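Task: produce atomic coordinates for the following.
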Amino acid sequence: MNLPGTTLPVLPQFKADAFEAIRPIFAISPGGLLLSQIAEMTGLGASTIQNWVKRGWVPRPSGKKYGETQVARILLINLLRPAMHLDQIVALLSYVNGSVDDRSDDIIPEPRLYSILCQAIFDMEKSDNISYSYIRKLTEKLLEDYEGPVPDASTRLGDALCIMLLNVAASGLMEKAATIYNSIESA
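Numbering: from 1, shown residues only. Predicted structure coming up:
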C-alpha cells in the first residue's frame, strides 16, 4: 500500500501523521522539492503539475522549488482526483483554506489537512461497513481537538473532510466493482 496520493510505501509509524513521512525528503532537498522530485513521488507528469500551477490551483514555486504547503496541496489534489472533478477539488480546498496564494485565510495548514485525511483513510480501511454515518463519526472523532481561527472553521473542515472521504470511499468501491467485473469478463 502507498501513502495516499503518492508512490511512497506506507510505514506504520506515519499513519498518525502521514506528512511526517515526506518531511525527510525536504531535509535532503533544502529550500523545497524540484518538480522532478514531486513528479516521481506522485506519479504525475511534470506538465500536469505545471498546469495546476498555471491554473492557480497550486501556489507558484519559489524559484524552482516547491515547499511543504505546495506539495501537500498537490498530494491532496492527486489523492482526490480518482473520484472528484478537478474543479470540485479546488473549490473544496478553497472552501477550507481560501485563496491559494494567501495563507492568512487558511483554517488548517495543508500538510495537516493531508495528514488528517490520510489518517481517516487508514481508519476506513479497517472497516467493512463504510457509510455516511461512519464517515461523519470518524470525521468528528478526528476533529474533536481542533480549534480553528474563525468560529465556523470546525464545521467547514468537518464538512469538507466528509465530502473528501465519501469520494475516497466511492473511488475504492469503484475499484472493487471493476475488479469483480474483470474477473467475470475473463471467465
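
which element is the spatially most central residue of the chain on?
Centroid-nearest residue in the chain, with CA atoms, centre = their mean: residue 76, separated by 2.6 Å. Assigned by DSSP states H and E, residue 76 belongs to helix 68-80.

Next SSE downstream of that helix?
helix 86-97.

Quick check: buried residues in that following helix?
The neighbour-count check on helix 86-97 (16 or more other CB atoms under 10 Å) flags 89-90, 92-93, 96-97 as buried. C-beta: built from backbone N, CA, C; applies to glycine.

Likewise for stretch 71-89?
Buried-residue list, stretch 71-89, by 16+ other CB under 10 Å: 71-81, 83-84, 89.

Leaving out sequence neighbours, find the closest residue to residue 21.
Spatially, and ignoring its direct neighbours in sequence, residue 21 is nearest to residue 14 (3.9 Å; CB to CB, 6 or more residues apart in numbering).

Can you tell me how far the one you found is from residue 3?
7 Å (CB to CB, to the nearest Å).

more neighbours, those two?
More crowded of residue 14 and residue 3, by other CB atoms under 10 Å: residue 3, with 23 against 20.

residue contacts, the more buried one?
By CB atoms under 8 Å, 6 or more residues apart in numbering, the residues touching residue 3 are 9-10, 14, 18, 21-22, 118.

With secondary structure added, can I get the residues you listed in a markdown table?
Listed next are those as a markdown table, based on DSSP: H, G, I helix; E, B strand; the rest coil:
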| residue | secondary structure |
| --- | --- |
| 9 | strand |
| 10 | coil |
| 14 | helix |
| 18 | helix |
| 21 | helix |
| 22 | coil |
| 118 | helix |
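
Weed out the non-buried ones from the residues you listed.
Looks like those have 10, 14, 18, 21-22, 118 buried, using 16+ other CB under 10 Å.

returning to that earlier point: against residue 120, how distant is the spatially closest residue to the residue nearest to the centre of the chain that is not a sequence neighbour?
Closest residue to residue 76 apart from its sequence neighbours, by CB to CB, 6+ apart: residue 114 at 5.6 Å. Between residue 114 and residue 120 the computed distance is 11 Å (CB to CB).

again with residue 180
Distance of residue 180 to residue 120, computed by CB to CB: 25 Å.

more neighbours, these two?
Between residue 180 and residue 120, counted using other CB under 10 Å, the more crowded position is residue 120 (22 against 10).

Which pLDDT value goes with that one?
Residue 120 is assigned 94 on the pLDDT scale.

mind checking which helix or strand it is in?
Going by DSSP H and E, residue 120 is part of helix 110-125.

Would you indicate which residues of that helix are buried?
110-111, 113-124.

Can I get those residues in CSV including distance to residue 36?
Below are the buried residues of helix 110-125 laid out as CSV (distance: CB to CB, whole Å):
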residue, distance to residue 36
110, 21
111, 21
113, 25
114, 21
115, 24
116, 28
117, 25
118, 24
119, 29
120, 30
121, 27
122, 28
123, 33
124, 32
